[in-house]
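In: Need a 3D model of the following:
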Amino acid sequence: MIDLAPDIIALLCLAAVAAGFVDAIAGGGGLIVIPALLAAGISPVAALATNKVQACVGTASATYTFWRAGWIDFRLLRLPLLAALAGAAIGALALMVIDTRWLMVVLPILLVGIALFFLLAPVASDVDSHARVTPMTYAAVAGGIGFYDGFFGPGAGSFFALSLVTLMGMGLTRATAHTKALNLMSNVVSMAVLAAGGQVLWMLGAAMAVGNFIGGRLGSRAAMRFGPKLIRPLLVIISLGVTAKLLLDPANPLRMLVVALLAR
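Out: Okay, here's the model as predicted:
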């Protein structure tokens with residue numbers, strides 16, 4: 001583990017509380033934690049891996065809260081859960097074999113895409129409607145999102161929720177509840193793969209997990225009461241702000257490429 005000052009660790013734990021709260025409501029908590037870890041001097045792959053540790057705890061907390069309240073039907077999710085498992089494992093393996101330098105090119109592009117998603121996606125109803133696909137067909141979608149979660153992660157919960165609303169006909173709160181179970185599966189599997197590759201900072205991840213657990217419990221209760229509408233603007237601001245921060249770094253390969261093209 002890299003040597004971090006106590007005040008930096010405390011700030012990272014506070015970021016984990018905020019991430020757990022946001023993640024339980026609308027997804028995208030990684031947009032808070034990953035930039036914080038990168039700002040602390042942690043490498044991109046290690047930041048993504050350590051984020052999975054604290055995210056697992058927060059997502060488990062939210063999943064348990066929704067399940068106890070009767071919002072989750074695990075029988076409906078049997079095939080999607082298996083698909084999310086496989087997709088996340090492949091995504092995490094892909095993350096470990098790519099050149100980390102190029103991950104800094106991909107990150108800003110993905111973050112802009114997430115911001116556009118939150119800006120343009122319609123606010124869904126909280127009333128269940130007719131499912132457009134079967135659970136078996138939806139499993140293919142869950143596998144694709146699981147791959148994204150294993151490879152990168154932030155916003156995966158929102159992609160799960162949106163797909164459950166549009167394809168499985170779930171109301172927004174019910175979709176958010178089932179999202180937690182799918183997200184928990186993809187988080188646990190990708191964390192295990194990245195841990196096997198020696199990428200996880202366990203002590204830091206454990207400390208942040210405490211904060212994420214607290215945030216997850218508070219956020220899941222708020223989701224059942226208020227829904228995610230107030231969180232969407234926050235996620236847009238965070239994703240665009242992080243993109244700007246990454247691109248302002250003179251060492252960022254994407255910035256270097258753009259500068260070189262403009263200089264021609």
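
In: For the closest residue to D249 other than its chain neighbours, give me its contacts.
Out: Nearest in space to D249, with sequence neighbours left out and distances taken as Cβ to Cβ, 6 or more residues apart in numbering, is R255 at 6.8 Å. To be clear about C-beta, it is placed using only N, CA and C from the backbone, and glycine gets the same treatment. Under the criterion of Cβ atoms under 8 Å, 6 or more residues apart in numbering, the contact partners of R255 comprise L247, L248, D249.

In: Leaving out the residues flanking it, which one is nearest to the first one?
Out: In this case it means L247. Using Cβ to Cβ, 6+ apart, the closest residue to L247 is R255 (5.2 Å).

In: Please point out which parts of stretch 57-69 sit buried.
Out: Using 16 or more other Cβ atoms under 10 Å as the burial criterion, the residues of stretch 57-69 that qualify are V57, G58, T59, A60, S61, A62, T63, Y64, T65, F66.

In: meant to ask about stretch 9-21, not that
Out: By neighbour count, and taking 16+ other Cβ under 10 Å as the criterion, the buried residues in stretch 9-21 are L12, C13, A15, A16, V17, A18, A19, G20, F21.

In: Ok, stretch 185-205 next?
Out: The neighbour-count check on stretch 185-205 (16+ other Cβ under 10 Å) flags 185-195, 199-201, 204-205 as buried.

In: remind me which residues of the stretch 151-264 of the chain are low pLDDT?
Out: Counting by pLDDT under 70, the stretch 151-264 of the chain has low-confidence residues at 227-232, 234-235, 238-239, 242, 245-246.

In: tell me the strands in it, going along the chain?
Out: Applying DSSP state E, counting those that start in this stretch to the stretch 151-264 of the chain gives no strands.

In: just the helices in the stretch 51-200 of the chain please.
Out: Listed in chain order, the helices of the stretch 51-200 of the chain (DSSP state H, counting those that start in this stretch) span residues 78-97, 100-120, 135-151, 156-168, 172-196.

In: Quick one: residues contacting L37.
Out: Residues touching L37, when contacts are defined by Cβ under 8 Å, 6+ apart, comprise L12, A46, A47, T50, N51.

In: which among these end up buried?
Out: Burial by neighbour count, judged by 16+ other Cβ under 10 Å, picks out L12, A46, A47, T50, N51 from the contacts of L37.

In: Using the three-state scheme, assign the closest residue to the last one other than its chain neighbours.
Out: Spelled out, it's N51. Take N51 and drop its neighbours on the chain: the residue closest to it by Cβ to Cβ, 6+ apart is V33, 4.9 Å away. Here V33 is recorded as helix under DSSP: H, G, I helix; E, B strand; the rest coil.

In: Just the local confidence number for V33, please.
Out: Predicted confidence (pLDDT) for V33: 89.

In: Secondary structure element for L37, which one?
Out: Following DSSP states H and E, the helix or strand that holds L37 is helix 30-39.

In: May I have the phi/psi pair for I42?
Out: Phi and psi for I42, reported as degrees, to the nearest 10, are phi -90, psi 140.

In: and it, what pLDDT?
Out: The predicted structure lists I42 with a pLDDT of 91.

In: can I assume M224 is in contact with G70?
Out: No: the criterion here is Cβ atoms under 8 Å, and M224 misses it with G70 at 10.6 Å.

In: In helices, which of the buried residues of stretch 9-21 fall?
Out: In helices, defined here by DSSP state H, the members of the buried residues of stretch 9-21 are L12, C13, A15, A16, V17, A18, A19, G20, F21.

In: from the residues you listed, which single one is nearest K180?
Out: Looking at those and their distance to K180, the nearest is G20, at 11.5 Å (Cβ to Cβ).

In: That closest one contacts S220, doesn't it?
Out: No: under the criterion of Cβ under 8 Å, G20 lies out of contact with S220, with a separation of 9.2 Å.

In: what sits in contact with each of those two?
Out: Joint contacts of G20 and S220 (Cβ under 8 Å, 6+ apart) are S61, A62.

In: since we're on V105, how many residues are nearby?
Out: 16 (other Cβ atoms under 10 Å).

In: Repeat that for V236.
Out: For V236, the count of nearby residues is 18 (other Cβ under 10 Å).
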